[in-house]
Every structure is written in C-alpha cells, then in structure tokens.
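Asks: everything below, folded, please.
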Amino acid sequence: MKSRRVSIDWRSSSRDFRSRLSSALVALSLLACVLPTRADEPLPEAAADLSARVGEVYTSSRSRTVVVRGELAEKPDATTSGTGAVLAPGLVVTCAHVVEDAANLEIVLPDGRRFPARRLGMHRTADIALLAVEVPGLEPFPIRTGPPEPGEWVLALGHPGGAAADLEPAPAVGRVLSTGYNLTETGTGRVYNDMVATDVPIFQGNSGGPLVDLAGNLVGMNAAISVQDGLAYAVPSARILEALPRLRKGESIETPPVPGRTISPPGASAARRAALAETFRPVARRASGWIVRLLVEDRHLGHGVILSPDGVVLAPHFLVEPYRTVQVRLPDGDIVEGLVGAVDHRLGLAAVRVARRDLAVPELAPRNEMALGRIALSLGTDRRVLGVGLVGSLGREVTREKLERLFETLAGFDLEPLSPPVDLSPVLQHDTPLAVGDLGSPLVDLDGRLLGINVSNTVRGATYAAPAYLLREAARELAAGRDVLPAPRPFLGLDLRELTTAELGERKVDGGLLVTGVLPGFCAERAGVLAGDLLIALGGSTIRVPEQLAELLSSMRPGNTTAVRVLRDGRSHDFRVTLDSAP
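Replies: Model prediction:
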C-alpha cells in the first residue's frame, strides 16, 4: 500500500450555529481535462461525450443522495448538516464526523420529504456512520468493490455549504489522482487511511456524499478536503462494505490508524491549468472576439462581454461602481475609454459604453438547451481558458443575507470571497474555479455560445453567472440609461418553523411548516390562516421544508393570487391569498 500523506485543514461537513448554512450554495467543479488536441483542431468528441455522460450519471444519482442533519446537544440552536448516500434499502451511509455528536437525526430527500434517521454503528477511524431509515422505495447505489483507477473520471454529489433552496444535490466532476492515501487532519488529529484522492472540488456540507464512476457505481464517500493543494479525499467503497456487517449490528469500531506525514506537492494546479488550456483551446478561439479586459490606471480589474455592436459592454457592477470611466482593452488590442453607466441590480451588471461600432457579439445559448450537469467554460481574453466546470442550477436566487452567512464561514478558514454579498436573481450556478480578476468573464458551452457572465464567486467552486437569456434585454435597458431594479419580494405575513422529528411522528406527516404567528394586516390573516396551522402547499406545490417555500416565493410577485393549503386539526383547508410586498 502506498502512502502519499497530506494535511487536511477542514472537514467537508457543515456545522452551523443558528442553522446559518441551512440554505446555501452549490459548489461544482471540473478542475482538469487531459484530452489532447492542437489549437487548430476541433474540440474532441470525447469532451462532448463526457459532458453528456456526466449529465446522465447525475440524473440517476440525485435521488440516491440525501441531506443528513441533526441537532447538536452541546450548543443551543446549533445543527450539523452533511450528505448521505443510500447504501441499501433502509440504510444510508454518511461520515461519522457529521453525526457523532448529533441528536434527532433525519434525512431530507430532494423532493423535501423528511424522515427520522437512527444511528446504527460508527467506524470512527474510517469516518463511516450507518443510519437506519424507513423510507419506502428508496433506491440504493450500485456499489463497485474494486478501487477506481488513477485518471478515471468521477462525480461527487453533495450539499456544499448546506442544502440549497431546491434541495438538489450539487454535482462536481474531476479525476482520480491515486488510491491508498494516508492523511492526517490538522487540528483534530483525525487520521484517514486508504483514501481515494481526487481533484473534485467540494466544500463544507459535502461530507458523506457519494463519489461515483461514470457508470453510476458508488466508488467512495467524500470525507475531507485539503486547503494546500485543493484536493478532495474519499473513503473507498470497499472499506465501507468491509465494515458494513458490524455497523448493521450497531457496533462502534476503532482500529489503530496509520498516521500520515504532511506534505503539499508543488505544481499540481499549474499542470491541470495547462491541460485545461490545451484541451479547450478551440472553444476559446471561437469565443475570443467579444471578450474585453477592464483596467484602471493600467491595473487589471476584471473582464467584460460586448453585448451590442455599437459598444455596450456588460461587466460586474461591483468592479466598476467606484469609477466614472475605466479603460477597456478590446479584442483587437486597442485600449479605449469606457463610460460606466446604468446598473441592473437583479443581475449584478453595469453597462460600460465605448466609442466603437461594428463590434463582434456572442451567440447566445438557447434557454431550452441549458442543462444541469453539462460542461461549461469560463474564458478570458487572448484565448485563455480560465476554468472548466459544470452547470449546477439554471435559476438560483441568491440573497445578501445568505452570502453574508457564508462569508462568515470563509473568514473562519482565513479565506476571502472574490465579490461582495449582493442580492442576485435569477442566476446560473456553476463550479468553475475562478481567481481574483476573473469575474466578468463569460461562461460558454462547448460550442462557444454564451451561457452567462460571471458576476459573483463565493465558497469553494461556487460561482454565479447572469444568464444569457436575460442579457439582450438588460443591455437594451442599460444602454438607454435606465437602471433595472430588483422586483419587490412577495410576503405571506407568517412566522413559520419546521417541525421537529418527534412532531413529524406525532402528526403522522413527512414535512410542513408550523405557523407560529400570523402578522396582522397581511394576506395570510385576511385569508383566514391561524397560528397552529401546518402550511403544506403553496400554489399547488408541496411544502415540506423552508427551502421549498423560499423557492416557490422566488417565482412569484406581490399582487399574484395563489392558493395556500394548511392542515388544521387533521383536516386540510384551502385559502386564496393575494401576495403582499415584503415590508
């Protein structure tokens, strides 16, 4: 057994005081690709095949991936949250460090259904915990008993930073670097043995999530990440199967670990970036004619995208907000003055006008061809590939409050976000890893068509892009000097909380939000909703957890009339409400 030992600086679980990461962002990334090509050759078919295959595996794996969460008894109002993989009917595997200090455990399915979970056994040395759940029809992963091969593509699913509003697990893709790694975790002293090392970028909340091959087989369970080299580490499925008989019996397993040394190999990231640039150079060539650089006093700020032939450039608002004018380096190399103009506050974009005509503009990817789990590229000027990732959400709402909570988490790791916390809606979420100065770059598909403009970067591998299908309209409004304001938020006028796992059992329900207060003068009170009701549906869509309510309200506007369904004394009651504006 070989041992390449690396220090691990944080776990990839999400432990959150005041449940601050209960609704967060998705992190999804493809850090390396090694399909050889020359710059004058078309993009290899293998890249497109890989993109399609990843999408298929994600579709088959998402229903087998669950949120695992519980209460931390030693810290009031604190929770622990991670990910789990369905191992067998009635059994979910997750990391021991996610659940070892937790009570009132439960799993949450992508459709929002909540089920109590009972901890069976734990293998603390291997960081494995087995949970028993009673969920009819829960399909398990097929399990691969042999180790993955170095260079093999793998897909990780999980909930980085905590479950997002749509409860969908976030996909992240990369390659296996090696197996049999021994690792020592800095701070806790936890020792991991025989791990699978990958370049899949994961974050807090991914712990316990599945690592699968491109046949959809479970090859490991994500457990830890390394700050030094940006790598991820998974417990191999063979080790999980080895411990399974004892874990089923409820045993607590401790085995003498083999400590690892701490080293960080130089040059790995540079090699992956070089491979990326070479592989996707044909796409970068096709898309290079409409990307600009923004500068102030010859200092690089970021990028922008030409959206109209008569000189309208769109760029992240926060980059250009401090300036009346900026320097714009056009694709032909000329540097011209750009006048900073109106702002689209929904998308985080500002217009920069340049005195040029007949400029090249991008082809926009049709909205109906955007798909989850497909490969997307972030491009810079001079035909540079800044990063490659996967599209993880097609219409996410991001709030300033949510980002501020995430940034608090980053500060705990001495990490800084690349952009300030702002409200954004709707935006694409993807996992392209970007560096300082990369924002404003375009996100494109493998045909070089524009998917969006990168406007915000938060946790490890989580980047947000203003979607292409809104950019033409935004460019017209901004070119006319009209700011675009965010739409007012709808409001029901209810104070709500989740039911505890005990209350779920008592009421014989699988979810819902308890009405703890009805605010006077708002639509819920006018309709007849009462404190003590259980909110179970809005607009005909089931509500089991707060994330689902937030997702539904994000698609509505004040003045919309919709249906509210509640349970009261065991019977359902339907009301019609006309949504108010949030105060």
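Asks: and the lengthiest strand in the chain, how far out from the chain's middle?
Replies: Ranked by number of residues, the top strand in the chain under DSSP state E is strand 170-185. Computed by C-alpha atoms, centre = their mean, to the nearest Å, the chain-centroid distance of strand 170-185 equals 19 Å.
Asks: next, the buried residues of that strand.
Replies: Under the neighbour-count criterion of 16 or more other C-beta atoms under 10 Å, strand 170-185 has 170-179, 181-185 buried. C-beta: built from backbone N, CA, C; applies to glycine.
Asks: just flag the most distant two among those.
Replies: Spanning the widest gap among the buried residues of strand 170-185 are Pro171 and Thr184, at 29.1 Å by C-beta to C-beta.
Asks: show me where the stretch 401-550 of the chain has helices.
Replies: Here the stretch 401-550 of the chain has its helices, by DSSP state H, counting those that start in this stretch, at 471-479, 501-507, 523-527, 546-554.
Asks: quick one: which of the ones you listed is nearest Pro136?
Replies: Pro136 sits nearest to helix 501-507 of all these, at 15.6 Å, using C-beta to C-beta.
Asks: which residues does that closest one contact?
Replies: For helix 501-507, the surrounding residues in contact (C-beta atoms under 8 Å, 6 or more residues apart in numbering) are 104-106, 114, 116, 499, 510-511, 514, 534, 567.
Asks: would you write out the ChimeraX command that picks the buried residues out of those residues?
Replies: In ChimeraX, this line selects whichever of the contacts of helix 501-507 come out buried by 16+ other C-beta under 10 Å:
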select :105,106,114,116,499,510,511,514,534,567
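Asks: and which of the contacts of helix 501-507 is nearest Leu347?
Replies: Comparing those against Leu347 with C-beta to C-beta picks out Gly511 as the nearest, at 32.7 Å.
Asks: next, the closest residue to that closest one other than its chain neighbours: phi, psi?
Replies: Nearest non-adjacent residue to Gly511, counting by C-beta to C-beta, 6 or more residues apart in numbering: Arg544, 2.5 Å away. Backbone dihedrals for Arg544, given as degrees, to the nearest 10, come out at phi -120, psi -30.
Asks: check contacts around Arg544.
Replies: 108, 111-114, 510-512, 536.
Asks: low pLDDT regions in the stretch 351-500 of the chain?
Replies: Low-confidence segments of the stretch 351-500 of the chain (pLDDT under 70): 399-400, 402-418, 421, 459-461.
Asks: so Leu478 touches Leu347, yeah?
Replies: No. Leu478 is beyond contact range of Leu347, at 10.0 Å (criterion: C-beta atoms under 8 Å).
Asks: now for those two: what residues contact both?
Replies: By C-beta under 8 Å, 6+ apart, the residues touching both Leu478 and Leu347 are Val484.
Asks: okay, domains of the protein per the record?
Replies: 7-33+52-262, 270-486, 490-581 (automatic domain parsing).
Asks: deepest of these, which one?
Replies: domain 7-33+52-262 (a mean of 22; mean count of other C-beta atoms under 10 Å).
Asks: I'd like the next helix or strand past the worst-scoring helix or strand of the chain on mean pLDDT.
Replies: None of the helices or strands of the chain scores lower by mean pLDDT, DSSP states H and E than strand 29-30, at a mean of 32. Next along the chain after strand 29-30, taking DSSP states H and E as the criterion, comes helix 45-61.
Asks: what helices or strands is the next helix or strand after that following helix leaning on?
Replies: Next in sequence after helix 45-61, counting helices and strands by DSSP H and E, comes strand 65-72. The contact analysis (3 or more C-beta pairs under 8 Å, 6 or more residues apart in numbering; DSSP states H and E) places strand 65-72 against strand 78-88, strand 91-94, helix 96-99, strand 102-108.
Asks: just the CA trace of the longest one, in PDB.
Replies: Output in PDB follows, covering the C-alpha atoms of strand 78-88 (Å, rounded to 0.1, in the frame of the first residue of the first chain):
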ATOM      1  CA  ALA A  78     -26.900  24.600  16.600                       C
ATOM      2  CA  THR A  79     -27.200  22.000  13.900                       C
ATOM      3  CA  THR A  80     -25.000  19.600  12.000                       C
ATOM      4  CA  SER A  81     -25.600  19.100   8.300                       C
ATOM      5  CA  GLY A  82     -23.900  16.900   5.700                       C
ATOM      6  CA  THR A  83     -24.800  14.500   2.900                       C
ATOM      7  CA  GLY A  84     -25.600  10.800   2.700                       C
ATOM      8  CA  ALA A  85     -25.700   8.000   0.100                       C
ATOM      9  CA  VAL A  86     -28.400   5.300   0.000                       C
ATOM     10  CA  LEU A  87     -26.300   2.100   0.500                       C
ATOM     11  CA  ALA A  88     -29.100  -0.400   0.700                       C
END
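Asks: just checking: what are the partner strands of it?
Replies: Counting by DSSP bridges, the strands paired with strand 78-88 are strand 14-17 (antiparallel), strand 65-72 (antiparallel), strand 91-94 (antiparallel).
Asks: so for that strand, mean pLDDT?
Replies: What strand 78-88 shows for mean pLDDT is 89.
Asks: now it against strand 102-108, angle please.
Replies: 50 degrees (axes from the mean of the first three to the mean of the last three C-alpha atoms, to 10 degrees).
Asks: any idea how far strand 78-88 is from the chain center?
Replies: For strand 78-88 - counting by C-alpha atoms, centre = their mean - the centre lies 16 Å from the chain centre.
Asks: likewise stretch 490-510?
Replies: 26 Å.
Asks: that one spans what distance, first to last residue?
Replies: Taking C-alpha to C-alpha, to the nearest Å, stretch 490-510 runs 26 Å from one end to the other.
Asks: same question for stretch 436-456.
Replies: End residues of stretch 436-456 are separated by 11 Å (C-alpha to C-alpha).
Asks: can you check stretch 348-364 too?
Replies: 19 Å.
Asks: sketch out the low-pLDDT regions of the stretch 101-250 of the chain for me.
Replies: Applying pLDDT under 70 to the stretch 101-250 of the chain flags the ranges 165, 185-190, 227-229.
Asks: can you pull out the strands in it?
Replies: When secondary structure is read from DSSP state E, counting those that start in this stretch, the stretch 101-250 of the chain shows strands at 102-108, 114-123, 128-133, 153-158, 170-185, 191-198, 210-213, 218-225, 232-236.
Asks: circling back to that earlier point, could you dump the strands paired with strand 78-88 into JSON lines with mean pLDDT added?
Replies: Listed next are those as JSON lines, based on pLDDT from 0 to 100:
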{"stretch": "strand 14-17", "mean pLDDT": "36"}
{"stretch": "strand 65-72", "mean pLDDT": "90"}
{"stretch": "strand 91-94", "mean pLDDT": "96"}
